[in-house]
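Asker: Got a sequence here, can you build the structure:
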Amino acid sequence: MHLTLNESLLNELLPLKNKLFRVAKRLLVSKEEAEDATQEILYRLWNIEEAQRAKFNNLEAYSITMIKNYCLDRLKSKQVQQTVSGELPQAAVPASLSQAVELKDAHQWVAKIINSLPEKERIIVQLREIEQYSFKEISAVVEMPETSVRVYLSRARKKIRTAFLKIDRYGL
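Answerer: Purely as a prediction, here's the structure:
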C-alpha cells in the first residue's frame, strides 16, 4: 500500500492536533481562540511545500514553535480577550464529594497561578508538566539552552508552590 503525500502528511499532522490545542489553550486561555489558533497552524503546515517540509528535523517541535509564536503574536496584538478558565488534567478520582470539591478547587487555583506566570515560564511549564516534553524538546521549541529551560522551570515551580501554599494556608 502506497500512501500519497497528502495521506502521509495527514498521518503526521492529526496526532499533533491535540498537543497544539493544549499549548494554545494554555497561552490564550480561551477555548475558541485556541481552536482557531490550532486550525490556523494546521492549515499553514498543510500548505508548506514538500521541499520546505523536508528541512524539518522534527515536525512536532516545529509545529509547537509555530503555535507558540502565533499565540504570542495574537496576545501582543491585543486581539484576544482573555477569560479565566481553570482546566487542568484530572488526577485520580477522589473518594468523597468533599475531596472532589477540594481537588477541583486546587486545580482551578493552580491553573490561575500558572496563567499568571511570565510568558516563558508558562510555556515551559505547559510543555514539561502537561505535555511531558523532554528538556531537549523544550529547548528546541523555546530556542534557549537546556540549562536555561531547567532554571526557568525550577523558578516557575517554586512560584507555583509558594503561591498555592499561601492560598491554601491563608485563603485569598
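Asker: What is the helix or strand Arg150 falls within packed up against?
Answerer: According to DSSP states H and E, Arg150 maps onto helix 146-170. If you count contacts as 3 or more Cβ pairs under 8 Å, 6 or more residues apart in numbering; DSSP states H and E, helix 146-170 packs onto helix 97-116, helix 119-125, helix 135-142. Heads up, the C-betas are built off the backbone N, CA and C, glycines and all.
Asker: got a list of what the residue lying closest to Ser148 once chain neighbours are set aside touches?
Answerer: The shortest distance from Ser148 to any non-neighbouring residue, by Cβ to Cβ, 6 or more residues apart in numbering, is to Ser139 (7.9 Å). Going by Cβ atoms under 8 Å, 6 or more residues apart in numbering, Ser139 touches 145-146, 148-149.
Asker: which residue is nearest the middle of the protein?
Answerer: For the chain, the residue sitting closest to the mean C-alpha position, by Cα atoms, centre = their mean, is Val23 at 2.3 Å.
Asker: close enough to count as contact, that one and Cys71?
Answerer: Yes - applying Cβ atoms under 8 Å, one finds Val23 in contact with Cys71, separated by 7.5 Å.
Asker: what would the helices and strands packed on helix 146-170 look like in TSV with distance to Ser30 and mean pLDDT?
Answerer: Formatted as TSV, those follow (distance: least, Cβ to Cβ, whole Å; pLDDT from 0 to 100):
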stretch	distance to Ser30	mean pLDDT
helix 97-116	11	77
helix 119-125	15	89
helix 135-142	22	87
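Asker: could you redo those helices as JSON lines and give each row distance to Arg155?
Answerer: As requested, the helices and strands packed on helix 146-170 are exported to JSON lines (distance: least, Cβ to Cβ, whole Å):
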{"stretch": "helix 97-116", "distance to Arg155": "13"}
{"stretch": "helix 119-125", "distance to Arg155": "6"}
{"stretch": "helix 135-142", "distance to Arg155": "14"}
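Asker: so which of the ones you listed comes closest to Ser154?
Answerer: Smallest distance to Ser154 across those (Cβ to Cβ): 9.9 Å, for helix 119-125.
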